[in-house]
Every structure is written in C-alpha cells, then in structure tokens.
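Colleague: After the sequence you'll find the predicted model.
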Amino acid sequence: MVGHAQSGLIGLFCSDVPLDKAFLEGKEKITQMTEAKEFLSKSVDEAIAEACSFYSCSRDELEISILEGGSSGIFGLVGAKKARIKAQPRNRLADLDEMIRNVAERLCSAIVPEPRFSIEHQSDMTKVTVSSSDDELLIGPAGQTLSALEYILGRIVARRWPNPVRIMLDANNFREKQDEELRRLARELAEKVMSTGQSESTRPLPSYQRRIMHLALQNTAGIQTKSKGDGPLKRVLILPRIPAPKNEDPEKTVIAQTSEK
C-alpha cells in the first residue's frame, strides 16, 4: 500500500505537461489579478472606480497610489490633464487559504482518501494541519513523507502566490513531537562534543528544523552551532566554542550562529 501511494505521488508530480500547464496557468491568473496597474480617467474618483471594476473588488480592498491628481484646465478645454493612479488588490488571506487547501488536497489525496485541512496563520508561518483515516501513512518513516509533502506544497505556493509564504505541514501533532526530539538530539550531541572535544553533525535538515537545533543550544556554555551545506537541506554542526584570545576584544569575536538566514 505504501509503495502504491508513493508511486502515485511521484507520478502525479513527474507528469511535466499536465502539471506544469495547470500550475502555470494558475500562477498567470493570480499574477494578472494582483499586479499593480495604472488607470487614467477624468478624476481620481473615476480612476479608482475603473480599478475597482477591473479587479472586481471594493475600494477598501485596493492599495492605491495617486500619481497625478488631474486638472480640468481652462474652461475645461485648454491644459486639461487626466488623473492617473496606480492600484492593486491587497492580498487576501481567504484567497491564499483557498489556494493552499486546493494544492494540499491534490497532494495528500494521492496518498490517503478524503484528507481534511485546517489552516492557521501565525506570526512567522502558515501552519497547515491535515487529518485523515491514516495519518501514519501521511507522516511516513521518521516524517519523511510529511516533509516531502511540505516541501512540494511550499514550492508550488511560492510559484503561484506573489508574496513569500512559509508553510509548515503537520499531521497528528507530529511536528510538536519532532521538535522535542530535535531538542533532545541537540542536547545529546552537545554533551558528546563537550566530552570528546570533537564536532558533531546532524543529518541534512530543512531550515525550520535547523532553527530548532540552533535555538536549543544558543545558551549552552562551551558550544557553538552553524549550518553547513548547499540547497534547502543543510546539516547542523555542533562544535566546541573556541575561547577568544586574551588580547582580542570579545565583542569582535564571531560566536554561535543561532538563527537561519
């Protein structure tokens, strides 16, 4: 069953023509309806009305910049100038939620039937929680399937939505359990480094998990951490902190990297 589900997921996202065409068309539609556009009319109010009609939204839903206020000229005949504005819709969370839900459903339906989703916008990310009749199948060995789904979901949304969106996909509170396991691993590796004086390394991790490791050890005496590698998956190195030379200003010494860029 697992093999069938995995092959179905791979097949869905390796069929270049149908998938790319559908997603690129979706991106083109969203981009056209969210890009800024200039409008000319006799007055600012009429230009704004044209923008509202073009984007099919109310005035309050638009971000508007008045480029030229317009002028009726002399007796409305000589020197008349049209008003010119630039407008674009404010990104609406409802639209983003609908996109995420549609893409996530297409992804997860390749593995389990009738997945259900809840979406929560947090200060630094958008958390998407999926529930189904077989959460363990969605999570996969050591969370590998869930991480793969999260990565693909994030990439597709990034291609289709005009602004950056950081997505975390969760199922059955797996991420909370995984975070605690990462903190435990960080402490164990730090103890080993302090005992042997030799650096230790994790497996390649996504940025969210690397940040958990960095934060877990940022106040650990004698330890510093940094990420190593290329691409979205990098290892976290746990190293013994080298004391600053006595003749060097400690404030100028580079210490632990505790946050991801």
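Modeller: Arrived safely.

Colleague: can we go C-alpha only for contacts and neighbour counts from here?
Modeller: Noted.

Colleague: now for the helix or strand hosting Ile119, which elements pack on it?
Modeller: According to DSSP states H and E, Ile119 maps onto strand 116-121. Applying 3 or more CA pairs under 8 Å, 6 or more residues apart in numbering; DSSP states H and E, we find strand 116-121 packed against helix 93-108, strand 126-131.

Colleague: ok, and the closest non-adjacent residue to Leu96?
Modeller: Closest residue to Leu96 apart from its sequence neighbours, by CA to CA, 6 or more residues apart in numbering: Trp161 at 7.6 Å.

Colleague: Sorry, wrong one. I was asking about Asp97.
Modeller: Ile119 (6.9 Å).

Colleague: what's across from the residue lying closest to Gly229 once chain neighbours are set aside in the sheet?
Modeller: Spatial nearest neighbour of Gly229, chain neighbours left out: Arg235 (6.4 Å); criterion: CA to CA, 6+ apart. Per DSSP bridges, the residues bridged to Arg235 are Lys228.

Colleague: Same question for Thr129.
Modeller: Beta-bridge partners of Thr129, as defined by DSSP bridges: Ser118, Asp170.

Colleague: residue contacts, it?
Modeller: Neighbour list for Thr129: Phe117, Ser118, Ile119, Leu169, Asp170, Ala171 [criterion: CA atoms under 8 Å, 6 or more residues apart in numbering].

Colleague: buried subset of the residues you listed?
Modeller: Phe117, Ile119, Leu169, Asp170, Ala171 (16 or more other CA atoms under 10 Å).

Colleague: May I see those residues arranged in CSV, with pLDDT and distance to Ser43 as well?
Modeller: Below are those laid out as CSV (pLDDT from 0 to 100; distance: CA to CA, whole Å):
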residue, pLDDT, distance to Ser43
Phe117, 95, 46
Ile119, 94, 42
Leu169, 95, 48
Asp170, 95, 50
Ala171, 94, 53
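
Colleague: out of these, who's nearest Ile66?
Modeller: Ile119 (35.7 Å; CA to CA).

Colleague: Check the gap between that closest one and Ser131 for me.
Modeller: 12 Å (CA to CA, to the nearest Å).

Colleague: Over to Arg116?
Modeller: Relative to Ser131, and taking CA to CA, Arg116 is found at 5 Å.

Colleague: Equivalent analysis for Gly231, please.
Modeller: For Gly231 relative to Ser131 (CA to CA), the value is 30 Å.

Colleague: Settle it for me: which of the two has more neighbours?
Modeller: Using other CA atoms under 10 Å as the criterion, Gly231 and Ser131 rank with Ser131 on top: 17 against 7.

Colleague: give the contact list for that one.
Modeller: Pro115, Arg116, Phe117, Ala171, Asn172 are the contacts of Ser131 under CA under 8 Å, 6+ apart.

Colleague: Done for today, thanks.
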